[in-house]
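Engineer: coords below, sequence missing:
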């Protein structure tokens, strides 16, 4: 019942330059218990969204300053607003407008003049979807917070996950990976060690060599991390990174003993960046090494069959650039 009330009492932004038609839509939606705010063009709508994020946007197409296509494009290419459903208003037989609307990311269409039952059904469906998406996003935030909590247990790894995510995604972009892969590397890099929540602090912070039983616990953290993140559909593309970031090119890694190109490229990238960050940051048993020394270590790791050569070269270029601009 609580979820239904949330769906019925949603904030809807109407973007329409015809005041009379905007008033008709407003009155109709308010009778359905929604709160309505109005904008007369796309520019005004974007300004409103910066201060108050709606649950749904209903927009006309032909408007001054910024039309419906331009507005939808900006909404759907902005990470903070791309999940807001957008309904476009089109003419009864305006197929070309619908096709172009689909291309810019519109979620649904309402024909002019609209029918009350059609409007009610389309609005209810998309707001319900937004409600479920919000819950999914909240669950993802919990997972990321959990990863930071795991990291916080060891003061020497403070900021490690964020560095892996940030540098790793830059490396992926430098290597020509798609935008989806860059985002996957960011998420997978941030979450790669979340499975260490199942490893006792005494083992994680141990300064001497691990015995066999302790090492068995540590090598389970990639599969544990995968199990933690698997229920979230939004993290599907990050799962291979979480599971395989400790594989080796020569097949001597874990958990599956993959080798060469069997290891997903995104996981190979995170593996290299993870090694570089571990080398150049302080640990309880040693000081972080210089960039130059870490460079030599990474190149040796390529020769020994541990790390991917292309990922190493790209990582060295990106980290050198970061070092130069620091």
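Structural biologist: Done, it's in. Nothing here was measured: the structure is a model prediction, and the numbers come from that model.

Engineer: mind listing what's buried in the helix ranked longest in the chain?
Structural biologist: The longest helix of the chain (DSSP state H) is helix 116-152. Using 16 or more other CB atoms under 10 Å as the test for burial, helix 116-152 gives 119, 122-124, 126-131, 140, 143-144, 147, 150-151. Bear in mind the C-beta positions are built from the backbone N, C-alpha and C, glycine included.

Engineer: which one of the residues you listed is nearest to residue 86?
Structural biologist: Of all the buried residues of helix 116-152, residue 86 sits closest to residue 126, with 8.6 Å by CB to CB.

Engineer: please name the nearest non-neighbouring residue to that closest one.
Structural biologist: residue 85 (3.9 Å; CB to CB, 6 or more residues apart in numbering).

Engineer: quick one, what contacts the one you found?
Structural biologist: By CB atoms under 8 Å, 6 or more residues apart in numbering, residue 85 lies in contact with 55, 56, 57, 107, 108, 126, 127, 129, 130.

Engineer: measure the fifth one to residue 59 for me?
Structural biologist: With distances defined as CB to CB, to the nearest Å, the gap from residue 108 to residue 59 amounts to 11 Å.

Engineer: residue ranges in the stretch 101-250 of the chain under the pLDDT threshold?
Structural biologist: Residue ranges of the stretch 101-250 of the chain with pLDDT under 70: 132-140, 142, 152-158.

Engineer: all strands for it, in order.
Structural biologist: 108-112 (DSSP state E, counting those that start in this stretch).

Engineer: show me which positions of stretch 180-200 end up buried.
Structural biologist: Result for stretch 180-200 [16+ other CB under 10 Å]: buried residues 181-196, 198-199.

Engineer: how long is it end to end?
Structural biologist: 34 Å (CA to CA, to the nearest Å).

Engineer: quick one: residue 182 and residue 166 touch, right?
Structural biologist: No - assessed by CB atoms under 8 Å, residue 182 is found out of contact with residue 166, at 11.2 Å.

Engineer: need the distance between the two termini of stretch 203-220.
Structural biologist: For stretch 203-220, the end-to-end distance is 13 Å (CA to CA).

Engineer: any idea of the mean pLDDT in stretch 300-318?
Structural biologist: The pLDDT scores in stretch 300-318 average 97.

Engineer: so what touches that stretch?
Structural biologist: With CB under 8 Å, 6+ apart, stretch 300-318 has contacts from 167, 170-171, 174-175, 248-250, 252-253, 263, 265, 268-269, 271-273, 275-276, 295, 298-299.

Engineer: now do that stretch: distance from first to last residue.
Structural biologist: For stretch 300-318, the end-to-end distance is 19 Å (CA to CA).

Engineer: buried stuff in it?
Structural biologist: In stretch 300-318, counting by 16+ other CB under 10 Å, buried: 301, 302, 306, 307, 308, 311, 312, 313, 314, 315, 316, 318.
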